[in-house]
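Visitor: this one's structure only:
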């Protein structure tokens, strides 16, 4: 039962958040119900006050006429004895009591003189006349009235109005009371309540229905625009809204369609430009291979004969050989980028021992690090760390990260760490060099991007290494993230799933050096979220 209630509450919350029409109708229903309630309470109060005021004025008028008649009869009858007075009082009570056709009120004559009898239907018990009313009539000698509960002859009770006044002529003192049931007034008030409740409920529902219809007329084009925008976002660029009429919503639809036409035109132009660019890069890369091969052959001949050449020509042949190596590497990177752009890159996964792979790459990069005055420090588990990956691509990623770290380490140490965990396996490469300025951590993966354009590359990089590394990691379904701070160096962290096709949920290694716990979704270092670890600049790129 609890689960069902929770499911219903969740569905209601979901509907409330997602539907503008539901919110408008519910708000209109609530406000109209509140206004109707306030108006109904006010009207009922006025009706009740009017009914009671009318009954009171009518009752007091009846009392005044009864007192006049009673005084007239007492003055007309000789009152030499108490018996004669009692007979006159009985006659007055009989004359003032209503006939069956006149109403259902009752009259009581209460004696205020000791020794004289009282007369009336309930003069024996006197239970229907409040004592406070008798006290006011007796002490103040004037008309008085009050609301009370009357006990009917059959034992039932109901609301009533009791009015009373003194009847005094000479030495004779009586009190005349009229007891009026308010059943008719109560019935009238109940009828008004039911009528107002029904009318108010119908009015509230009618207003809610009108609000729903009006809101639907406004919301429907908005929903159509949202659905059309979703289809446009999914690649169906020919989708358009239907324009109906000439009102504001029609203007919105026409403007939306014009915007869609512009977006389609620009996207088509960008697609064509991107296609031409990719084709140009691929064609140029392929076309350059033939002359580069010829130049390579000639350069190899010169290099082999460098010992027989003058010193200046020997040095030129060495420079030519080095630049040709770099040129060939650039062509290879351009071809790889063109394959990624064309969507032709494929993964060749196999079980890979990352411990051996990382150790091997560190060994291959040791000579380059030594030439730059840096030391490679590896923190790699001795036991195998087996993952399903493309070893060629992961090897390339690590070499690119190490070359980049050595390039910017400024002679400081470069630390390589490998860890495995529940969320995946991570490799971090940290240098203690120039670091990254705020905002640059998300730019380092751009093609040919440099933090300092005036800075020359000294390790022979092409400027495409980090871009290719990002694409390689993305192909595995992993993360490639960067952290950096000026003067504190930088960290590049690769997080891979244990098996291809799995989702990386957490990284076993922290991204920023001052993080206590490894970065995971929802914590500092999450892909796409800036880190929150003090003054450090942590930015990530989701691979």
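Guide: That came in fine, so what should we check first? From a predicted model like this one, the values you see are computed outputs, not experimental measurements. Residues are numbered from 1 along each chain as shown.
Visitor: State the next helix or strand along the chain beyond the helix or strand where residue 336 lies.
Guide: Element membership for residue 336 (DSSP states H and E) is helix 311-341. Sequence-wise, the next helix or strand downstream of helix 311-341 (DSSP H and E) is strand 350-353.
Visitor: In that following strand, which residues are buried?
Guide: residue 352 (16 or more other C-beta atoms under 10 Å). (Glycine included, C-beta is placed from N, CA and C.)
Visitor: Identify the residues contacting the helix or strand following it?
Guide: Sequence order places helix 354-371 as the next helix or strand after strand 350-353, per DSSP H and E. Here helix 354-371 makes contact (C-beta atoms under 8 Å, 6 or more residues apart in numbering) with 375-376, 378, 380-387, 389, 391, 394-395, 398-399, 402-403, 406, 409, 414, 416, 418, 425, 427, 459.
Visitor: so which helix or strand takes in residue 56?
Guide: Using DSSP H and E, the element containing residue 56 is helix 20-76.
Visitor: Mind giving me the packing neighbours of that helix?
Guide: Judged by 3 or more C-beta pairs under 8 Å, 6 or more residues apart in numbering; DSSP states H and E, helix 20-76 is in contact with helix 2-18, helix 82-96, strand 144-151, strand 157-169, strand 172-181, helix 183-233.
Visitor: mean confidence score for it?
Guide: In this model, helix 20-76 has an average pLDDT of 86.
Visitor: thinking again about what came up before, out of the helices and strands packed on helix 20-76, flag the one nearest residue 74.
Guide: Nearest to residue 74 among those is strand 157-169 (4.5 Å), distances taken as C-beta to C-beta.
Visitor: Point out the most buried one among the helices and strands packed on helix 20-76.
Guide: Among these, strand 172-181 has the highest mean neighbour count (mean count of other C-beta atoms under 10 Å), at a mean of 22.
Visitor: quick check: angle from that one to strand 144-151?
Guide: 60 degrees (axes from the mean of the first three to the mean of the last three C-alpha atoms, to 10 degrees).
Visitor: and strand 172-181, what does it pack onto?
Guide: Counting by 3+ C-beta pairs under 8 Å, 6+ apart, strand 172-181 packs on helix 20-76, helix 82-96, strand 106-111, helix 131-140, strand 157-169.
Visitor: try 10 Å this time
Guide: On a contact count with 3 or more C-beta pairs under 10 Å, 6 or more residues apart in numbering; DSSP states H and E, strand 172-181 meets helix 20-76, helix 82-96, strand 106-111, helix 131-140, strand 144-151, strand 157-169.
Visitor: Please give me every residue in contact with residue 132.
Guide: 144, 146, 148 (C-beta atoms under 10 Å, 6 or more residues apart in numbering).
Visitor: The first one reaches residue 162, doesn't it?
Guide: Right, the one you point to is residue 144. Yes - using C-beta atoms under 10 Å, residue 144 makes contact with residue 162 at a distance of 9.0 Å.
Visitor: Now the common contact residues for those two.
Guide: Taking C-beta under 10 Å, 6+ apart as the contact rule, residue 144 and residue 162 both touch 133-134, 177.
Visitor: Could you dump those residues into TSV and include pLDDT and distance to residue 74?
Guide: Below are the shared contacts of residue 144 and residue 162 laid out as TSV (pLDDT from 0 to 100; distance: C-beta to C-beta, whole Å):
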residue	pLDDT	distance to residue 74
133	86	22
134	84	20
177	86	16
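Visitor: These into a markdown table, with extra columns for distance to residue 168?
Guide: What follows is the shared contacts of residue 144 and residue 162, written out as a markdown table (distance: C-beta to C-beta, whole Å):
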| residue | distance to residue 168 |
| --- | --- |
| 133 | 17 |
| 134 | 15 |
| 177 | 15 |
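Visitor: Name the member of the residues you listed with the shortest distance to residue 304.
Guide: Closest to residue 304 out of those is residue 133 (134.9 Å), distances taken as C-beta to C-beta.
Visitor: was I right about the closest one contacting residue 160?
Guide: No - taking C-beta under 10 Å as the definition, residue 133 is not a contact partner of residue 160, at 11.8 Å.
Visitor: Now do the shared contacts for the two.
Guide: Residues touching both residue 133 and residue 160 comprise 146, 148, with contact defined as C-beta under 10 Å, 6+ apart.
Visitor: if we can go back for a sec, switch the helices and strands packed on helix 20-76 over to CSV; also include distance to residue 431.
Guide: Formatted as CSV, the helices and strands packed on helix 20-76 follow (distance: least, C-beta to C-beta, whole Å):
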stretch, distance to residue 431
helix 2-18, 47
helix 82-96, 115
strand 144-151, 94
strand 157-169, 93
strand 172-181, 100
helix 183-233, 40
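Visitor: Can you say which of those is nearest to residue 438?
Guide: Distance to residue 438, taken as C-beta to C-beta, is lowest for helix 183-233 among the helices and strands packed on helix 20-76, at 31.5 Å.
Visitor: Give the other helices and strands that that closest one contacts.
Guide: Helix 183-233 sits against helix 20-76, strand 157-169, helix 248-304, with contacts defined as 3+ C-beta pairs under 10 Å, 6+ apart.
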